[in-house]
Structure formats: structure tokens, C-alpha cells
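Peer 1: Give me the fold of what follows.
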Amino acid sequence: MKTLHKVILFGFLFFFINSFSQEVDVSTFINKTYIIQSVPNGNYQYISFPKPNFIKKRGGFANYDDLVGKKVTIFKIVKEKKSGTVVSIKLEDGNKFFGVYPSIDANLQKAIEKGELLEVN
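Peer 2: You can find the predicted model right below:
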């Protein structure tokens, strides 16, 4: 019975220590600039663009193609998840997304992996 307790304790310690080794310093993301890339059919999975009907209800123009190549800046970290860091991005030129949204949320690591965002050096 004691060996079972030791094995369980060792397992918990192993996973606990391993979780700390994967932390990322998210404060380095603030004020970084990225470029929005083109995706097939405008199907952005990790940048949380609103649906076209919500954009139209607020008086905006739902044209995702106009955003391709635009520079965005991270200005706030919303939350950290196991799947990545959710950040708020805004257009670098000061305009609003679709003419109505001042900022949009995005899962930064996943959006970079899938090619939705490209880091500017």
C-alpha cells in the first residue's frame, strides 16, 4: 500500500514539475506587430472575427479580404489557456475592424501555427 502511495505521489510531482517547464513569458507579446495572412474561404479559426451578420447589424462591412496584409498590434493579454495565450489585437493604423470593432481577440500561438498571423521582425 505504501508503494502505491509513493507511485501516485511521484506521478503527481512529475506532472507538476513538467507543467512549470512549459510556461511562456506573455509580457513579451505586448506591443508586438503581426500581419494578418490569407486563409482559404476566409475561415479564420484562431482569430475571433465576428460573423458577417453581426458585422452588418452594427453597420459595418463584412469584407475579410480587406484585412489580408494589414498590420495588427497586441495591446492586451486576455487570458492564458493550455492551448495558448488569448490576446486582444488592434489595427496598427488606428482604424476599426470592419469599421465597427476597435479590437479582436485571437489565440496567438495557434494563429501563428496555422498561418493566420505572421510576425513582423
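
Peer 1: quick one, phi/psi of the closest residue to residue 81 other than its chain neighbours?
Peer 2: The shortest distance from residue 81 to any non-neighbouring residue, by C-beta to C-beta, 6 or more residues apart in numbering, is to residue 107 (7.6 Å). Just so you know, the C-beta spots here come from the backbone N, C-alpha and C atoms, and that holds for glycine as well. Phi and psi for residue 107, reported as degrees, to the nearest 10, are phi -80, psi 100.

Peer 1: Against residue 121, how distant is residue 107?
Peer 2: Between residue 107 and residue 121 the distance is 22 Å, computed by C-beta to C-beta, to the nearest Å.

Peer 1: ok, now which ones touch the residue nearest the centre of the chain?
Peer 2: Most central in the chain under C-alpha atoms, centre = their mean is residue 107, positioned 1.8 Å from the mean C-alpha point. By C-beta atoms under 8 Å, 6 or more residues apart in numbering, residue 107 lies in contact with 46, 81, 83-86.

Peer 1: can we see that at 10 Å?
Peer 2: 45-48, 78, 81, 83-87, 113-114, 116-117 (C-beta atoms under 10 Å, 6 or more residues apart in numbering).

Peer 1: Show me what the residue nearest to residue 81 is bridged to.
Peer 2: Judged by DSSP bridges, the bridge partners of residue 107 are residue 86.

Peer 1: helix or strand for residue 111, which one?
Peer 2: When elements are assigned from DSSP states H and E, residue 111 belongs to helix 108-113.

Peer 1: distance between the following helix or strand past that helix and the chain's centre?
Peer 2: Later in the chain than helix 108-113, the nearest helix or strand by DSSP H and E is strand 117-119. Offset of strand 117-119 from its chain centre (C-alpha atoms, centre = their mean, to the nearest Å): 11 Å.

Peer 1: before we move on, what about stretch 70-80?
Peer 2: On C-alpha atoms, centre = their mean, the centre of stretch 70-80 falls 7 Å from that of its chain.

Peer 1: Over to residue 41. Which of the three states is it?
Peer 2: At residue 41 the chain is in helix, as set by DSSP: H, G, I helix; E, B strand; the rest coil.
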